[in-house]
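>>> sequence and computational prediction follow.
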Amino acid sequence: MTDFTPRPGQSVEGYAVTARRGTDYYGVFADIPEDDRAAWERAQAYIDEVGTRMLDAWDTGDYPLDIAMRAGELDLFNDGIDHPSLTRFSPLAAGLVNMEISRGDGSLGTVLAVQGGLALRTLALFGSEEQQSRWIVPVARGEVPASFALTEPDHGSDSVSLETVARREGDAWVIDGTKKWIGNGASGGITLVWARVQAEGDPDDGAVRCFLVEQSTPGYAGTVIRGKASLRGIHQAHIVLDQVRVPLTAVLPGTHSFKDASTVLYATRSGVAWSALGHATACYEAALSYSQQRMQFGKPLAKFQMVQERLAQMLEELTAMQLYCRWMADLEARCELRPTQASLAKHHNTRAARRIANVARDMLGGNGILLENGVMQHMADIEAIHTYEGTESIQALLIGRDITGMSAFA
């Protein structure tokens, strides 16, 4: 805020609606263990440090890579991955970090999902000792941007049908194909490319495997996708792989089928549910703060019955989202979380976040479209997380197959 002098027709310069309010009506997070709370508070400090710059970056469509990788310096990329070289985050700590970063900025939430949830997890689960020794720590610390290249222009929900190929030619793999929507795919680091193997006589001939490709490799071209109306503070790439030649050791030895890619996606699906909770929390708290500050017809909006009813409805949905996330984390900590349970949480929470953002935007009236008030940015970013890691329809089909025992996939 600048120095402001009230004048007729304008009594306040603006509204302070983006501060945390610690909403937790049922005390869902009241009993957080000390280590988990410390990780959560570290994420809060990170957002406080970089929030203003990220708001500007979202507005201009820029990707401040130094800010993104700063999360690694603060040891926030671990996402509950179990590996001797990484700090161990409990499922609850990983979720709270995800929630808090997304509450601050959706683009950074996606950085966390890409760098930690997808790329780092793939290396930790399936990489060779040599690959892990070289890359695990630099990726975790944010010294090397990393990406996960599965989606293709022609294959999103049906990514199992991917057409990118890796041919065995003597002492090398040669990769040809195209990938799209790849976060960090044009950031100068490494890309974990999922491709279908063509190697006659090889037991994995025709199978989907993962290959570690340095983005400086000849034939690799990542072009930043422009014109996005969501997640504008992270660059996502359209990647062309034209005769990209990598050594035989570039393949991640633990990958032998598309099920291995699914293992990673299942693990990150719960992260999307937490991310949605972060976005929804920001929207609800902005609406509540605005209603207490905004004067209309001689009194604050919060004194109107219709406004209180809307706030109660938003809180109802937000509390349900919190309960989903907390119980999901508890199940995962006991090694009891099933993939379709994570799908249900993602299905519920992204839909609920959409509803909360919509009501919050409406409650702020014309001020709801200003980026400085946060809600419009979160509303746009929710649209992306509602789609990635499996659309609403795909989640419903996964859940439906589980509860009926019958597949409705075409």
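Nice, thanks for sending it over. Residues are numbered from 1 along each chain as shown.
>>> all contacts plus neighbour counts: C-alpha atoms, from now on.
OK.
>>> which stretches of the protein have low pLDDT?
For the chain, the stretches with pLDDT under 70 are 1-2, 410.
>>> for residue 404, phi and psi?
With angles defined as degrees, to the nearest 10, residue 404 sits at phi -100, psi -20.
>>> brain fart, residue 11
Dihedral angles (degrees, to the nearest 10) for residue 11: phi -90, psi -20.
>>> roughly how far does it sit from residue 287?
Distance of residue 11 to residue 287, given as CA to CA, to the nearest Å: 20 Å.
>>> could you do residue 352 as well?
Separation of residue 352 from residue 287 (CA to CA): 15 Å.
>>> neighbour count winner among those two?
Using other CA atoms under 10 Å as the criterion, residue 352 and residue 287 rank with residue 287 on top: 29 against 20.
>>> element containing the closest residue to that one other than its chain neighbours?
Leaving aside its sequence neighbours, residue 287 sits nearest to residue 360 (CA to CA, 6 or more residues apart in numbering; 5.2 Å). Element membership for residue 360 (DSSP states H and E) is helix 339-363.
>>> the residue nearest to residue 287 contacts residue 283, correct?
Yes: counting by CA atoms under 8 Å, residue 360 touches residue 283, with 5.9 Å between them.
>>> got any residues that touch both of the two?
By CA atoms under 8 Å, 6 or more residues apart in numbering, residue 360 and residue 283 have these common neighbours: residue 375.
>>> more neighbours, these two?
Remark: of residue 360 and residue 283, residue 283 carries more neighbours, 30 against 27, as counted by other CA under 10 Å.
>>> now do the same for the residue nearest the centre of the chain: helix, strand or coil?
The residue lying closest to the centre of the chain (CA atoms, centre = their mean) is residue 110, at 3.4 Å. Recorded secondary structure, residue 110: helix (DSSP: H, G, I helix; E, B strand; the rest coil).
>>> packing partners of the helix or strand just after the helix holding residue 360?
Using DSSP H and E, the helix or strand that follows helix 339-363 in sequence is helix 375-387. The elements that helix 375-387 packs onto, with contact taken as 3 or more CA pairs under 8 Å, 6 or more residues apart in numbering; DSSP states H and E, are helix 106-111, helix 258-293, helix 339-363.
>>> and helix 375-387, how far from the chain's centre?
11 Å (CA atoms, centre = their mean, to the nearest Å).
>>> what's the answer for stretch 155-163, then?
Chain-centre distance of stretch 155-163: 20 Å, with CA atoms, centre = their mean.
>>> got it, and stretch 266-273?
8 Å.
>>> who's in contact with that stretch?
Contact with stretch 266-273 is made by 95, 98, 113, 117-118, 325, 328, 339, 342-343, 345-350, 385, 389, as judged by CA under 8 Å, 6+ apart.
>>> ditto for stretch 115-132
Stretch 115-132 is touched from outside by 77-79, 81-83, 136, 139-140, 145-148, 184, 192, 252-255, 264-265, 267-268, 271, with contacts defined as CA under 8 Å, 6+ apart.
>>> which parts of the chain are strands?
Ranges of strands within the chain are 146-149, 165-169, 172-183, 190-198, 208-214, 220-224, 236-247, 295-296, 299-300, based on DSSP state E.
>>> deepest in the core, which of those strands is it.
For the strands of the chain, average neighbour numbers computed from mean count of other CA atoms under 10 Å are highest in strand 146-149, which has a mean of 29.
>>> okay, now the domains of the protein?
34-140, 146-257, 259-404 (automatic domain parsing).
>>> reformat those as a markdown table; add distance to residue 20.
As requested, those are exported to a markdown table (distance: least, CA to CA, whole Å):
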| stretch | distance to residue 20 |
| --- | --- |
| domain 34-140 | 9 |
| domain 146-257 | 21 |
| domain 259-404 | 7 |
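>>> and the ones you listed: which comes nearest residue 18?
Nearest to residue 18, of all these, is domain 259-404, at 5.7 Å by CA to CA.
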